[in-house]
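[1] Fold the following and give me the result.
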Amino acid sequence: MPRPRPPAIRIALCLAALAAGVLPWWNAREMAQSAFPGFEVAAPSAAESEAPAFFKKTVVNPFSPHRKSHSASLVRMDDGRMFAAWYAGSGECAPDVAVYLASTDAAGNWQAPRAVFNREKAMEDLGRNVISVGNSLLLADGNRLGLLFVTVAAGRWSGSSMNIAWSDDAGVTWSRAQNLTMNPLANLSALPRNPAAPLAGGGWAIPVYEEFLGKFPEVLWLLPRDGGYDFAVSRVAGGVSVLQAALVPLSQDEAVCLMRDFRPAKFMSISTTADAGRSWTQPKATELPNKDSGICGVRLPDGSILAAYNDRSTGKRENLRLAVSGDGGKTWKRVATLEEEPGFEFSYPSMVCDPDGTVRMLYSARQTQIVYVEFNTAWLAEQEVLQ
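    Predicted coordinates:
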């Protein structure tokens, strides 16, 4: 006779069964209220003509006192200014963690960062218990700035929820943060990570992921409505396999998701859509190693895909490399090493690409620094293909 399961296990199994049945219904119900407008993608073009190659690197938070600065996000506003956001404190999910914001001046120099949301402000805005804040993601709506960020109510990331706030004065003041109900199971464990993809007609497709009763990627659709924004959620893949997708549109209807691989094989995975995100293919492993670490990708002006990733399947995140695919992610060429130093970590890249081919990137270095680099496709073309 089988032994009875402890109550905690029975509850977890019931929740898992409920999630398997309810969450697809929840996603379908939400998406039924909204159209899939298609991605906003510029027509492919040749790289900038006769532009000299350049590569620049700087530290955004050179005087940070924090033991951990991590999970940076980057946007470029219509006036050319860059904005960066990340969380920093004594450690992940610690009570002293805050979301920090920095921006460039008219000359392109990064200004001193400032805290914009901490647990006290989040509790005041949301009217609920918050033990820490975490992952943040910036949105650029003209010269209006949006901020998605995580609040943790219990435990660690599996006890998190997502919130949104807006600023009309370059991040000096913010609207009251509002919680986004991402799922019906206590609204737990929805986190942003990689840049949002603009949609035709306005709004964004935002890659997010879940960590409660599984690890899987989703898309948060933030759509303009009545002077504000409505939202819906759809699933990219399920199970405990891949997460933290980087959404790279290739045309109005086609896009790829490059995903962190939670499986033993430890290779970056890819999923594709040909119907503007209504459906996605099952994730498949690529040839690029991935030690369960963050990835980012952007579409270059010629239509190829640039990926930034940790090029390792074992050990620590001791390097950060770039790879390019000219066939929609089927095959890849390693083209540059941005960082490589034994015993240290370089991780969580976040990239955007300007129409002229200028690539801008943030990443975490040694757990304490937020590093900013920018380069153009001419510099990429000069790099030797790595083995």
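
[2] would you list every one of the strands in the stretch 201-350 of the chain?
    Remark: strands assigned in the stretch 201-350 of the chain by DSSP state E, counting those that start in this stretch are 204-210, 216-225, 228-235, 242-249, 255-261, 267-273, 284-289, 296-299, 305-309, 319-325, 333-340, 346-353.

[3] TSV for those, including mean pLDDT, mean neighbour count and distance to residue 127?
    To be clear about C-beta, it is placed using only N, CA and C from the backbone, and glycine gets the same treatment. Output for the strands of the stretch 201-350 of the chain, formatted as TSV (pLDDT from 0 to 100; neighbours: other Cβ atoms under 10 Å; distance: least, Cβ to Cβ, whole Å):
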stretch	mean pLDDT	mean neighbour count	distance to residue 127
strand 204-210	94	26	23
strand 216-225	91	21	22
strand 228-235	87	18	20
strand 242-249	96	27	29
strand 255-261	95	27	33
strand 267-273	96	23	37
strand 284-289	95	18	44
strand 296-299	98	24	34
strand 305-309	98	25	38
strand 319-325	97	23	40
strand 333-340	97	17	42
strand 346-353	97	24	31
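
[4] any idea how far the nearest residue to residue 334 once chain neighbours are set aside is from residue 326?
    Computed as Cβ to Cβ, 6 or more residues apart in numbering, the closest residue to residue 334 that is not its neighbour in sequence is residue 386, at 3.8 Å. Taking Cβ to Cβ, to the nearest Å as the criterion, residue 386 is separated from residue 326 by 16 Å.

[5] Provide a list of residues in contact with the closest residue to residue 278 other than its chain neighbours.
    Nearest residue to residue 278 in three dimensions, chain neighbours excluded: residue 36, at 5.4 Å (Cβ to Cβ, 6+ apart). Neighbour list for residue 36: 221, 275-278 [criterion: Cβ atoms under 8 Å, 6 or more residues apart in numbering].

[6] Can I get the buried ones among those as something I can paste into PyMOL?
    PyMOL command restricting the contacts of residue 36 to the buried ones, with burial defined by 16 or more other Cβ atoms under 10 Å:
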select buried, resi 221+276+277
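
[7] Now for the residue nearest to residue 334, how many residues are close by?
    Counted with other Cβ atoms under 10 Å, residues neighbouring residue 386 total 13.

[8] I'd guessed it sits against residue 338; true?
    No - using Cβ atoms under 8 Å, residue 386 makes no contact with residue 338, being 11.8 Å away.

[9] Provide the secondary structure category for the residue nearest to residue 278.
    Following DSSP: H, G, I helix; E, B strand; the rest coil, we place residue 36 in the coil state.

[10] From residue 300, how far out is it?
    Residue 36 is 25 Å from residue 300, by Cβ to Cβ.

[11] for residue 233, same thing?
    29 Å.

[12] what residue ranges in the chain are flagged as low confidence?
    1-35, 45-50, 183-188, 387 (pLDDT under 70).

[13] Could you measure from the residue nearest the centre of it over to residue 205?
    Nearest residue to the geometric centre of the chain (Cα atoms, centre = their mean): residue 194, 1.4 Å. Counting by Cβ to Cβ, the separation of residue 194 from residue 205 is 11 Å.

[14] got any residues that touch both of the two?
    residue 247.

[15] right, and the strands of the stretch 201-350 of the chain - which one's nearest residue 136?
    Between residue 136 and the strands of the stretch 201-350 of the chain, the tightest spacing by Cβ to Cβ is seen for strand 346-353, at 10.5 Å.

[16] And for the closest one, what's in contact with it?
    Taking Cβ under 8 Å, 6+ apart as the rule, strand 346-353 contacts 70-76, 193-195, 293-301, 306, 308-310, 317-320, 338-340, 359-366.
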